[in-house]
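*Asks:* sequence first, then the predicted structure:
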Amino acid sequence: MAIIAPVFLLILLALIEFSMMFFATLTMQYAVREGARFAVTGQSSLDATPGQRSAAIVQNMKNNSLGFYDKLGTVISINGTSYATSSSYTNGMFGKAGDTVVLQLDCDWVVATPMLAVFFTNGKYHFKVAATMRNEAFL
């Protein structure tokens with residue numbers, strides 16, 4: 001028991017952590033897809049604060065991420081341009097009506113299981129999720 005139990009517990013913890021990493025990946029994919037769906041409409045009536053389209057889209061992604069958005073140190077990239085902080089968001093960053101926009105989130109999951117951390121660079125699981133959209137005619 002003394003020999004097998006620690007190995008079994010490490011394997012069990014590694015399995016749980018892998019499950020959480022993939023759950024976070026799927027959750028963030030859902031959040032970016034929902035943010036893109038919100039962005040393509042261009043309906044300013046849906047904005048939380050009038051005139052703050054970008055903030056409303058990012059807030060929509062946060063609302064659909066089950067708290068992972070802030071935990072993962074997410075960086076938004078739109079058409080290859082990164083927006084690391086909310087102060088760099090602009091209303092035009094999601095394009096105009098008819099534009100095709102690629103919305104991407106870069107995320108880092110800090111690996112807690114020591115046995116797994118050695119397999120990831122700097123002990124972090126880095127992943128990207130993206131959604132491509134074509135903006136509708138804005139109303």
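*Replies:* Nice, thanks for sending it over.
*Asks:* now the helix or strand containing residue 26: buried residues?
*Replies:* Following DSSP states H and E, one finds residue 26 within helix 4-41. Within helix 4-41, the residues that count as buried by 16 or more other CB atoms under 10 Å are 14, 17, 21, 24-25, 27-36, 38-40. Bear in mind the C-beta positions are built from the backbone N, C-alpha and C, glycine included.
*Asks:* neighbours around the residue nearest to residue 102 when sequence neighbours are not counted, how many?
*Replies:* Closest residue in space to residue 102, ignoring its immediate chain neighbours: residue 132 at 5.0 Å, by CB to CB, 6 or more residues apart in numbering. Neighbour count of residue 132, defined by other CB atoms under 10 Å: 11.
*Asks:* the helix or strand containing residue 132: partners in the sheet, and parallel or antiparallel?
*Replies:* Following DSSP H and E, the helix or strand that holds residue 132 is strand 124-134. Here strand 124-134 is paired, per DSSP bridges, with strand 100-110 (antiparallel).
*Asks:* contact partners of the partner strand?
*Replies:* 20-21, 24-25, 28, 31-32, 35-36, 39, 61, 68, 72-80, 82, 94-95, 123-135 (CB atoms under 8 Å, 6 or more residues apart in numbering).
*Asks:* can I assume residue 41 is in contact with residue 136?
*Replies:* Yes - using CB atoms under 8 Å, residue 41 is in contact with residue 136, at 5.9 Å.
*Asks:* contacts for the strand holding residue 132, please.
*Replies:* Residues outside strand 124-134 that contact it (CB under 8 Å, 6+ apart) are 21, 25, 28-29, 31-33, 35-37, 39-40, 98-111, 120.
*Asks:* that one to helix 4-41, inter-axis angle?
*Replies:* 20 degrees (axes from the mean of the first three to the mean of the last three CA atoms, to 10 degrees).
*Asks:* next, the buried residues of strand 124-134.
*Replies:* 125, 127, 129, 131, 133.
*Asks:* cool, thanks, signing off.
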